[in-house]
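# Need a 3D model of the following:
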Amino acid sequence: MEKGRGKVNGTVRFSSPPLSDGDLRIDRVRRNMKVTSRAIRYYEELGLLPPLPRNEVAYRVIPASVLPRLKMIRQARSLGFSLNEIREILEVLDADGAVCPTTKEVIRRKRQILKRKIREMKELDRRLGEIQAQCESSFREARDICPAIMATPRTSNPKPTENGVILKKGGEEK
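Predicted structure coming up:
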């Protein structure tokens with residue numbers, strides 16, 4: 001019988017070979033860190049995580065040394081950092097550079113974007129309030145196009161964005 005295989009009721013079953021101390025299979029990390037296997041594979045593909053070793057049955061094994069990096073990626077994503085911003089920080093880390101100045105700069109840029117978006121959202125809320133007031137003061141038949149919306153000047157050409165990054169079709173960053 002081959003290593004890593006066993007028979008149960010005549011069916012060949014694969015068993016997980018023992019892992020090195022501190023190494024975890026991707027499914028366990030996924031559950032514990034609340035991150036999908038797909039995200040882990042994607043982070044590996046993008047180079048945010050180092051190439052992950054495989055065990056004898058081709059499961060990804062995540063060394064304990066990679067867990068802080070994965071946690072940092074998850075935390076940064078939850079704070080709205082783009083994958084490019086995370087890459088920028090990790091490249092400095094990998095070059096044994098001082099991460100704090102880079103992180104501070106990324107946060108500074110992120111806050112500028114956030115403040116701009118807040119101003120834009122407040123302006124949009126103000127404009128929508130005006131349109132709502134116009135709608136409430138005039139009644140049209142259901143088949144008419146809303147004159148309040150039609151009379152509103154268009155101030156910008158909205159583009160689909162994620163974290164201030166313009167997206168191509170399919171949601172990829174430009």
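# CA atoms for contacts and neighbours, from now on please.
OK.
# For the longest helix along the chain, buried residues please.
Longest helix in the chain by number of residues (criterion: DSSP state H): helix 99-137. Neighbour-count burial for helix 99-137 flags 99, 102-103, 106, 110, 131 (criterion: 16 or more other Cα atoms under 10 Å).
# which one of those is nearest Arg74?
Nearest to Arg74 among the buried residues of helix 99-137 is Thr103, at 15.1 Å by Cα to Cα.
# which strands and helices sit next to the longest helix of the chain?
helix 83-94, helix 147-150 (3 or more Cα pairs under 8 Å, 6 or more residues apart in numbering; DSSP states H and E).
# got CSV for those, with distance to Arg30 and mean pLDDT too?
Shown next, in CSV, are the helices and strands packed on helix 99-137 (distance: least, Cα to Cα, whole Å; pLDDT from 0 to 100):
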stretch, distance to Arg30, mean pLDDT
helix 83-94, 19, 92
helix 147-150, 47, 71
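# Distance-wise, check the closest residue to Lys110 other than its chain neighbours relative to Met72.
Leaving aside its chain neighbours, Lys110 sits nearest to Phe81 (7.6 Å; criterion: Cα to Cα, 6 or more residues apart in numbering). Distance of Phe81 to Met72, computed by Cα to Cα, to the nearest Å: 11 Å.
# So which of these two has more stuff around it?
Neighbours were counted for Phe81 and for Met72 using other Cα atoms under 10 Å; Phe81 has more, 20 against 13.
# Need the distance between the two termini of stretch 71-91.
16 Å.
# which residues touch it?
The contact list for stretch 71-91, computed with Cα atoms under 8 Å, 6 or more residues apart in numbering, reads 33, 35, 48, 99, 102-103, 106, 110, 162-163.
# rerun that using 7 Å as the cut-off
48, 99, 102-103, 106, 163 (Cα atoms under 7 Å, 6 or more residues apart in numbering).
# can you pull the buried residues of that stretch?
Buried-residue list, stretch 71-91, by 16+ other Cα under 10 Å: 73-74, 81-83, 85-91.
# residues touching Ile149, list them.
Contacts of Ile149 (Cα under 7 Å, 6+ apart): Ile131.
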